[in-house]
Structures are given as structure tokens and as C-alpha cells.
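> give me a model of this one.
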Amino acid sequence: MQEQIFHLQYAMDTFYFLVCGALVMWMAAGFSMLEAGLVRAKNTTEILTKNIVLYSVACTMYLVCGYQLMYEGGFFLSGVGSVDVAATLAEFAAREDGFEGGAIYSKASDFFFQVVFVATAMSIVSGAVAERMKLWAFLAFAVVMTGVIYPMEGAWTWGGQSVFGLYSLGDLGFSDFAGSGIVHLAGAAAALAGVLLLGARKGKYGKDGKAHAFPGSNMPLAALGTLILWLGWFGFNGGSVLKLGDISNANSVAMVFLNTNAAAAAGTITAIVVSKLLFKKADLTMALNGALAGLVAITAEPSTPTALQSAIFGGIAGVLVVASILALDKLKIDDPVGAISVHGTVGLFGLLLVPLTKEGTSFAGQLAGAATIFVWVFVTSFIVWFVLKLVMGIRVSEQEEYEGVDHAECGIEAYPEFVSTVK
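Modelled structure (predicted):
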């Protein structure tokens, strides 16, 4: 009887992992649609190309070397397709915590769940450097980001390894349930490094220092992308519970789903209210970024707050993201989709919320973790971007930017019946 229960729980936990991983993979479509909607029509095809190829690069690089760096385990040549049922059952039976203990699942499902997080971090970079970066420079950076930079900071956090043998973030009280820092802040740090070297789009900032709006080409696509991301986030946060096959963890999954949704809804409301107060209009793009901000903020710890607390956290994040977007424009840091504000500013905010509801964590530990992630990713990314700039260049020519990177990089327009970018 016990063996049958074990087999069922193993199957449930593995299947849950795979379904949540598939939901996170679907976020690649969300990023694609969001970015395609927020850039100008002449740059849409390149955005779509970047998103589908970066996902493929992430999956391949994490398979070849990333997973081994992050977890000190092998995967590429480890033969994980087979399972020693007797040994796994013995491991499970020997646990003092019994069926209420940690999850036991297929290692292949763990890899699949982890790899889609890597792709998510890289997707954040795509939108921030849109409309003026060379496609192949971006893809070259993706190889290093997903194969080395992300796995190293992941090793120090989720992997439990010490930071260059100097200190352990776990010992300092650092906690990041589903990746506000590990995924989102990391992606934003890499994006910021690229944007600083890349410079702003032509005409974005006038001589008076004021930012000029470049309206997105397709608001329905942007809204669809945001809703896809909202849906995918249930897998992002819910799957990070790591287990479904017992009462306590099933209840934890339900709370994570509830809190994730509450934070996103509150972020949407506060962002659009703030936009109305500031601009006298209900700005859709701010509402979309408010929803994403709420999702990022609750990602660091979605299991311990109450639903009301989650809504409050998400609401604050909605205000914060609007302020951050405006502040970056003041600093002339050109981010076409608001990715640095959504994932970076709010990612840090999410980390700092954790000690409010989770015992055993500290603000000092959270700050140490955030600093470690940001400094490592920003510095290494800046070096890689700089080397690419010297070797092959990272920015298209002024003429190519004027015509649109679709024509320059891909040779095909997204909406040929409606607009011509070639004069």
C-alpha cells in the first residue's frame, strides 16, 4: 500500500512540475506579444525573432553547461531518463517526515522547470534594448547570460553554494521563493548594462531633456501579452512550491495562486489611478506595467502573506513602477517597454518585502542577496556587452534605425500591407 502511495505521489509531483514548467514556457509568448505591441511597427519582426531564438538558446546553453554550474550535478550526459525505482522508494521510506516531506520527482522535470526560468530572465533583456540593437550581438550575449552569468548567481542562491567561497547567502537569511531577485532583478541588471552602453533611441530625448513618447504599434498585442504573462505566473510561483501530493503543500499551492492574482490585480488598479492623476488619462501601458509589477513584487514570497497583504504589496508596486519609469526617463535611460523598472526596481522591492511575513529572514540578508545578484550580473554583463561592442558592434546604424531593424536585420516587415518602412 505504501509503495502504491509513493508511486502516485511521485507521479503527481512530477506531473505538477511539468505543467507549471509549460505555463512558464508560455510566458515566452507573453513577452513576445507584449514587446511586439509596445515597439514601433518597423521593429516588430526583429522583436519576435529575438524572443523565439533567445528561448532556444537558453534551453540549449542551460542543457550544455548551465544546469551543472548551478546545481553541481550533471545533466547533459547523466542518463536521467531512467529511474531506479527501488532506490528512490527506499530514500522516500527512510525519511522521518514521511509523506509530508520534501518532493521527490523526476530530475528531468526539475531541469525543464529550471530552464524556462533561465529563458524568462533573458526575455527581460530583449525589451529594454529594443529598436536599436543588432540581432546577432543580442544573441551572442544570450549565450553567455544563459550559459554562465545566470547559472552562477543561481548557484549562490537556489543552488546553495557559497559566493566564491567567501560567504553563504542562506546563512545570512536570504530568501527568494520564486525569483524576484534571482530571475527578475538579474534580468534587469543585464538589461541596464546593455542600455547604458547602447544609448537611447534617436529622437527619444530632446535638447530640453524631456522624453518624447514613441507610441507602441499594437495595444491589443500588448494587452494580450500581459494577460499571457499573468497566466504563466501561476506556474512561475505555483510551481516553486515544488510539490503538490499532500494536504499541506496542496494548500500552499492554492495560497500562492491566490496571492499572485491579488497582487497583480492591485498593481493594475494603483498604476492606472496614478496615471490618471499624473497625466489626466488612463494610460494602458502603465496599467499593464502595474500588473507585471504586482506579479514581480509577490514573486519573492507568495506563500506566507495573507491575500490582503499581497494586494497591498501589489498596490505599492503599481505606484512604484510608474515612479521608476518616469525617473529613468529623467535620467535619459531609454527602456522602450519599462522592463528595468518592472523587473529591477520592483524586483528589489519584492525581496525587501520578504522579512515582513517570513520568519528566519532579515533585511540585511535580503540586501546582501540583492547586492550580490545585481553586482555580479551587472558587472559581468557590462563586460560582455563592451567586448561585443568592440568586436562586432551592438548598435545598428542611424539609417538602419530610421528604416527599422525589421528591414535591416530580418529583411521582412511584420505588417507589409499596412506600412512600408523602406523609402
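> does residue 183 touch residue 121 like I think?
Yes. Residue 183 lies in contact with residue 121 (Cβ atoms under 8 Å); the separation is 4.9 Å. All C-beta spots, glycine's among them, are computed from the backbone N, C-alpha and C.
> and residue 203, what is it in contact with?
By Cβ atoms under 8 Å, 6 or more residues apart in numbering, the contact set of residue 203 is residue 212.
> next, it: secondary structure please.
Classification of residue 203 using DSSP: H, G, I helix; E, B strand; the rest coil returns coil.
> mutual contacts of residue 183 and residue 121, please.
Counting by Cβ under 8 Å, 6+ apart, nothing touches both residue 183 and residue 121.
> okay, now residue 360: neighbour count?
Applying other Cβ atoms under 10 Å, we find 9 residues neighbouring residue 360.
> these two touch, right, it and residue 175?
Yes. Residue 360 lies in contact with residue 175 (Cβ under 8 Å); the separation is 7.5 Å.
> max-length helix in this protein?
As assigned by DSSP state H, the longest helix anywhere in the chain is helix 2-38.
> in it, what's buried?
Neighbour-count burial for helix 2-38, with 16 or more other Cβ atoms under 10 Å as criterion, is recorded at 6, 9-10, 12-14, 16-18, 20-21, 23-25, 27-38.
> one more: stretch 153-173?
For stretch 153-173, burial by neighbour count (16+ other Cβ under 10 Å) applies to 153-159, 161, 163, 169-170, 172-173.
> go on, stretch 47-66?
47-51, 54-55, 57-59, 61-62, 65-66.
> tell me the pLDDT of residue 37.
pLDDT, the model's per-residue confidence, is 97 for residue 37.
> what sits against the closest residue to residue 369 other than its chain neighbours?
In this structure, residue 369 finds its nearest non-sequential neighbour in residue 174, 3.6 Å apart by Cβ to Cβ, 6 or more residues apart in numbering. Shown in contact with residue 174 (Cβ under 8 Å, 6+ apart): 157, 361, 365-366, 368-369.
> which two from these end up farthest apart in space?
Farthest-apart pair in the contacts of residue 174 is 157 and 361; separation 13.1 Å (Cβ to Cβ).
> so residue 32 makes contact with residue 47?
Yes. In this structure, residue 32 is within contact of residue 47 by Cβ under 8 Å, at 7.1 Å.
> gap between residue 133 and residue 212?
Residue 133 sits 20 Å away from residue 212, taking Cβ to Cβ, to the nearest Å as the criterion.
> what of residue 400?
20 Å.
> the two: who's more crowded?
residue 400 (15 against 10).
> how far away is the more buried one from residue 163?
41 Å.
> please apply the same query to residue 290.
34 Å.
> how about residue 65?
Taking Cβ to Cβ, one finds residue 65 at 19 Å from residue 163.
> with residue 356 instead?
Distance, residue 356 to residue 163, by Cβ to Cβ: 25 Å.
> residue 261: neighbouring residues, count only.
If you count neighbours by other Cβ under 10 Å, residue 261 ends up with 22.
> pLDDT weak spots in the chain?
Scanning the chain for pLDDT under 70 picks out the ranges 1-2, 73-104, 419-423.
> how does it look with 90?
1-13, 72-108, 110, 206-211, 213, 243-249, 416-423 (pLDDT under 90).
> wait, what's in contact with residue 155?
Contacts of residue 155 by Cβ under 8 Å, 6+ apart are 69-72, 161.
> at 6 Å what do you get?
70, 161 (Cβ atoms under 6 Å, 6 or more residues apart in numbering).
> what of residue 313?
263, 297-298, 353.
> among the residues you listed, which lie within helices?
Filtering these for helices - DSSP H - leaves 263, 297-298, 353.
> drop anything exposed from those.
263, 297-298, 353.
> of those residues, closest to residue 272?
residue 263 (15.3 Å).
> so the closest one versus residue 297, what's the distance?
6 Å.
> what touches both of these two?
313-314.
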